[in-house]
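Trainee: show me the folded form of this:
(2 chains)
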Amino acid sequence: MTATSQPAPPAAASIRPVLRAAQPPLRAAAPALLLGALAAGSSVALLATASWLIARAAEQPPILFLGMSIVGVRAFAIGRAVFRYLERVVGHDAAFRALAGLRVSVFRRLLPVAPDGLRGTRSGDVLTTLVRDVDTLQDLPLRVVQPLVSAAIVAGLAVVGVAWLSPVAAAVLLVGLIATTAAATAVLSALSRDAERRIAPLRAELADAVLEYLARWETLRAFGADAARRERVLDLDARLRRAQSRQSAAQGSVAALVTLGGGGMLVATLLVVQPELAAGALTGPELALLVLVPLAIVEVVGALPAALGAWWRVRASAERVADVVPESVPVEIPVAPQQPVSIEGLEPSIRLRGVSARWPGAARPALAPLDLDLRPGDRVVLHGPSGAGKTTLAHVLVRFLEHEGRYELGGVDVRRLHPDDVRRRVVLLEQQPHLFDESIRQNLLFARDTATDAELLAVLERVGLAEWVAERGGLDAPVGERGRLVSGGQAQRLALARGLLCEAPVLVLDEPTANVDPERAEAVLEQLLGAAIGDDRAVLVISHAPVPSHLVTRRVRLEPAP
Amino acid sequence: MLVAATAASVVVRSLTQAALDALAARGAARVKSQLRRRVIEAVDRGGSAALGQRSSAGIATLVGQGLDALDGYVGQYLPQLILTAVATPLVVAALLLSDLATGIAVIVTLPLIPLFMVLIGWATQAMQRSQWQALQRLSQGFLEVVQGLSTLTIFGRQHRQSARIERVTDDYRVRTMRVLRVSFLSSFALELAASLSVAVVAVSVGVRLIEGSIPFALGLFVLILAPEAYLPLRMVGARFHAAADGLAAAEEVLDLLHEADARPDAAAPVAPAAARPGEAHGVALALKGVSVDRGGVRVVDGLDAAWRRGTVVAVTGSSGTGKSSLLAAILGFAPHGGRVLIDGVALPPDQRPARLAWAGQRPELTAGPLVDVVALGEATPDAALAARALALAGAIDVPVATVLGPAGAGLSGGQAQRVAIARALYRALAHDLDVVLLDEPTSALDVDAERRVVDGLRAMADAGRLVVVVTHRPAVVEAADEVLDLAAHRAGARATLEEVRSR
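Mentor: Numbers count the residues shown, from 1 in each chain, chains lettered A, B, ... in the order given. I've put the predicted structure just below:
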């Protein structure tokens, strides 16, 4: 469930580039494929040579004649285990290597549209899902392509090998393999394809419902809504259980079908080779070999259900990835001009004339046409009811969003400048800043990587965090995953410290004190707007809380777009 | 005849296999459902206290993905273990009866499999434990870059991230492969032990066939049967690791249930009180000697109050004076001393929410269309009433067509707060409840929005309701008819106590 309406999922064609990025090139995948085929082949060959050995031995030849096959049995036995081990190690390694490339390629597709051009990312955990989906894609080489290719190679070789002894038995084997594979695929598609696709979304829905129930228990209880929500959790649980039972029933049936197919091939082989046996064209040991190959080979075919299930999951993930990351940049997102004008020497003053903007996919503008001037030394406060487009304006100023009207930086239309260059001059401190799972130092340094520890401690002092950092054990203290180890107010003040560190001449602050205690808010604003920030910098503050008037040179009020 | 028997046994084998898989999966699903249901029931009985120190997100993960890992244990490992216990002795017995030498060879080699497993299991476990945290952190690396993309773009760092992603993923690969190389060793050992055992049997049978000491049919029979002796045990080994995860999750759930059982019920069942009240003196809510403890400290001590319909009461006091705890006590969410009378009736804690409309400090909005969110708890939401409640809460700027994401995503902080107020007002209007309790309803609002909320609350009071507002905002306190300062009450209570002692 998301707050914005999602466009229709793109056609199947557009998942192809995603899948192509997930599959390592043949050169990288070949060793694992080869090893997989060798492992599967060894297991068929082991049974074949062993049965031939015994049948031949029954004819009591001199032991010399059996030397080769005795060695063969041992070699294939060791080979099967060694090749399987190597296949798994090499295959996983190749898949992980491909994952690095896949992640980078998805990330490169995100870059030109991020952050505002990603569909639906303003709400919910779309990004978390995206990352999980990208990671699911590594199953493509590992659990789809590899088992299928090695099964195909071994099945092909077995048919050829059998044909050498008895063409008619080979025909039985070929037909049997094709029929078993087709039947298994058909049964699995009919029974569990839907279940397989439903399971992941159902699981996510159940997790959300459980979380809502546990985290909102008091509210639900106070509103008498707990019974209905409990029913919903139990209903989702039942639906998930049904889907999973269906899936496992399907997989059980397919396993049975494969066993049946192997047995059928064995019986059929026995029947069709009778004439050849009677005619003496086939020896006893050869018969033993022919009859046992189908039993060994169905084990290889048995990998099919899992591969098919993995394929459906990979496909669904690829569709979602293709869905979130648009193939072309939406018109609402700025693109870099072919030949950007150099930003060097431009005066850092901003001039907006009739600027309005729309979010991608939105029908109406989120910002009514606005005139605004911002010169060095200005301290401007932007007021306005929620929904008037305050944050939208902030995103326009840092070129996350394209605008209508005229936006000039130092007298030059910003469309002629590179967005990266504009952001070097105009820095936004977001309402919900992201803290990286690193040390406090790392989280500050990326605002200015030449800053010394003394400078870092000085800005921390200015936002009132010096004491807290000292308590935590200094700049090397971690902030935890998504800033888990710091409170909302501390996270926001860390982000403000970034703003103080960076040397951009224009600062845009989006609700800088929303999570800061009222007593401390004024002191923080004093630091951000007061003389200490410098007369050569301009600051635009978006705030719903009052800003003391001695800190402000101008106030602007935004009204909602009609 | 023989061919027919073969065909029949193939059919039987495939059918029993399918039945086993299906039954095992069904059993796993049922166990998971039961555990999930019992966690929910434990929460119902004991309130959020049932969760103990655990975070609700952590528990949601546990009863979600955590329990899914039980599939490996209940659905695969246990049936395989039973199958092994039944099938392996049978196959070995068959082998012993038909060919003593092969039977002995199998009996000697079989224990090698669990032995390998245990040895390798120890090695892997130590390895995995030492790598676990590093792996967890690295696996978050990509997510972190994607989630922080807007912050990175603002500071012009986005282009350097490709290299970082490659580095983190590669580091992840190297460390994971280090673990996997050892983990895969266990299945390597299993395969090798099984394959070699088959090879040993085949060669020894072959040699004895040449000598003519056993007939061909027996040799073939033994050869085909020997791998079947190893198969179940090999599968147990293969499924052992998957089972371990599920078992850990199940243990955690059982711990939680155990703790919840040991805790006394927060809302003990009490016989329902007499229905509707004498409307004595227009008092909607009365507190008589109410005391509340929080974390072992008494935050509210012997509070008396009687609040009438038609008034707005502001409850103030610096943080830590028990404002929210008092509301929780009135609602019956927190144990308390003294009596709470709603419309003159002392209701048991679990029946009080039905007579009160409440908005907590955090909006705690649910997901869904705005009207459904505002009409929480109603089977048939009334759109007109929802619009009226939203207007009273000053939430006119929230489009009615909004669909909220999980945790109220899609609204700004101020909007969410007003929607939460509207939700409480809707309930008061829909059920004609006399008491509205609000906890810091305007903390995220600007002056204009706050004024609109205060106007709405005044209108609710004028319509004959009691509105109790916990607040520290001057505008709200000014608009109230009566102010209860908990800090002053606390000081007063302490003074009285000292007076008593001095006597």
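
Trainee: for chain B, what's the nearest residue on the stretch 101-250 of chain A?
Mentor: Of all residues in the stretch 101-250 of chain A, the one sitting closest to chain B is A:Ser248 (3.1 Å; C-beta to the nearest C-beta). Placement of C-beta: from N, CA and C, glycine included.

Trainee: grab the nearest non-local neighbour of that residue.
Mentor: Nearest residue to A:Ser248, sequence neighbours excluded (C-beta to C-beta, 6 or more residues apart in numbering or on different chains): B:Ala25, at 3.1 Å.

Trainee: surely that neighbour is in contact with A:Ser245?
Mentor: Yes: counting by C-beta atoms under 8 Å, B:Ala25 does reach A:Ser245; the two are 5.8 Å apart.

Trainee: those two: who's more crowded?
Mentor: Taking other C-beta atoms under 10 Å in any protein chain shown, B:Ala25 and A:Ser245 do not tie; B:Ala25 has more neighbours (24 against 19).

Trainee: pretty sure that one sits in a helix.
Mentor: Yes: assigned with DSSP: H, G, I helix; E, B strand; the rest coil, B:Ala25 falls within a helix.

Trainee: what residue lies at the spatial centre of chain B?
Mentor: B:Ala60 (1.9 Å; C-alpha atoms, centre = their mean).

Trainee: give me the neighbour count for the residue lying closest to that one once chain neighbours are set aside.
Mentor: Spatial nearest neighbour of B:Ala60, excluding adjacent residues (C-beta to C-beta, 6+ apart): A:Leu211 at 3.7 Å. A:Leu211 has 20 neighbours, counted by other C-beta under 10 Å.

Trainee: cool, A:Thr219 as well?
Mentor: For A:Thr219, the neighbour count with other C-beta under 10 Å is 25.

Trainee: close to chain A, is the helix ranked longest in chain B?
Mentor: As assigned by DSSP state H, the longest helix anywhere in chain B is helix B:161-211. Yes: using C-beta under 8 Å from any C-beta of the partner chain, helix B:161-211 reaches chain A at B:161-162, B:165-166, B:169-170, B:172-173, B:176-177, B:180-181, B:184-185, B:187-188, B:191-192, B:195-196, B:198-199, B:202-203, B:205-207, B:209-210.

Trainee: what about that helix, distance to the chain center?
Mentor: Distance, stretch centre to chain centre, for helix B:161-211: 37 Å (C-alpha atoms, centre = their mean, to the nearest Å).

Trainee: gap between the residue of chain A positioned farthest from its centre and B:Glu211?
Mentor: Relative to the centre of chain A, and counting by C-alpha atoms, centre = their mean, the farthest-placed residue is A:Pro62 at 63.0 Å. According to C-beta to C-beta, to the nearest Å, A:Pro62 and B:Glu211 sit 12 Å apart.

Trainee: with B:Ala389 instead?
Mentor: 95 Å.

Trainee: looking at these two, which one has more neighbours?
Mentor: Ranked by neighbour count (other C-beta under 10 Å), B:Ala389 and B:Glu211 place B:Ala389 first, with 26 against 11.

Trainee: doesn't the more buried one fall inside a helix?
Mentor: Yes: residue assignment for B:Ala389, taken from three-state DSSP, places it within a helix.

Trainee: these two touch, right, it and B:Leu425?
Mentor: Yes: between B:Ala389 and B:Leu425 there is a contact at 4.4 Å, judged by C-beta under 8 Å.

Trainee: which residue is the nearest non-sequential neighbour of residue 472?
Mentor: Answering for chain A, as no chain was given. Ranked by C-beta to C-beta, 6+ apart and with sequence neighbours excluded, the top spatial neighbour of A:Arg472 is A:Ile440, at 7.5 Å.

Trainee: that was the other one, I meant chain B.
Mentor: Per C-beta to C-beta, 6+ apart, closest to B:His472 is B:Thr316, 6.3 Å.

Trainee: the one you found: what's it in contact with?
Mentor: By C-beta atoms under 8 Å, 6 or more residues apart in numbering or on different chains, B:Thr316 lies in contact with B:323, B:470-472, B:477, B:483-487.

Trainee: so the residue nearest to B:Ala60 is in which element?
Mentor: helix A:167-215 (DSSP states H and E).

Trainee: contacting residues for the residue nearest to A:Ser248?
Mentor: Shown in contact with B:Ala25 (C-beta under 8 Å, 6+ apart): A:244-245, A:247-249, A:252, B:71, B:75.

Trainee: so B:Val436, which of the three states?
Mentor: Three-state assignment for B:Val436 (three-state DSSP): strand.

Trainee: please name the nearest non-neighbouring residue to B:Val201.
Mentor: Distances taken as C-beta to C-beta, 6+ apart place B:Ala226 nearest to B:Val201, at 4.5 Å, with adjacent residues excluded.

Trainee: by how many degrees do the helix or strand containing that neighbour and helix B:161-211 diverge?
Mentor: For B:Ala226, the host element (DSSP H and E) is helix B:216-262. Interaxial angle of helix B:216-262 relative to helix B:161-211 (axes from the mean of the first three to the mean of the last three C-alpha atoms, to 10 degrees): 140 degrees.

Trainee: from the stretch 451-562 of chain A, which residue is nearest to chain B?
Mentor: Taking C-beta to the nearest C-beta, the stretch 451-562 of chain A has A:His544 as its residue nearest chain B, at 3.9 Å.

Trainee: count of residues packed around the residue in the stretch 301-450 of chain A positioned nearest to chain B?
Mentor: Nearest residue of the stretch 301-450 of chain A to chain B: A:His434, at 3.8 Å (C-beta to the nearest C-beta). When neighbours are counted by other C-beta under 10 Å, A:His434 registers 19.

Trainee: mind listing the helices for the stretch 401-503 of chain B?
Mentor: Remark: helices assigned in the stretch 401-503 of chain B by DSSP state H, counting those that start in this stretch are B:413-431, B:447-462, B:474-479, B:486-502.

Trainee: and the ones you listed as TSV, adding mean pLDDT, mean neighbour count and distance to A:Thr452?
Mentor: Converted to TSV, those look like this (pLDDT from 0 to 100; neighbours: other C-beta atoms under 10 Å in any protein chain shown; distance: least, C-beta to C-beta, whole Å):
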stretch	mean pLDDT	mean neighbour count	distance to A:Thr452
helix B:413-431	89	25	36
helix B:447-462	90	19	42
helix B:474-479	88	16	44
helix B:486-502	58	13	45
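
Trainee: between those, which one is nearest to A:Phe96?
Mentor: Among these, helix B:413-431 comes nearest to A:Phe96, with 41.0 Å by C-beta to C-beta.

Trainee: chain center to that closest one: distance?
Mentor: Worked out by C-alpha atoms, centre = their mean, helix B:413-431 lies 27 Å from the chain centre.

Trainee: just the angle between that helix and helix B:447-462, please?
Mentor: Inter-element angle recorded for helix B:413-431 and helix B:447-462: 10 degrees (by the same axes, to 10 degrees).
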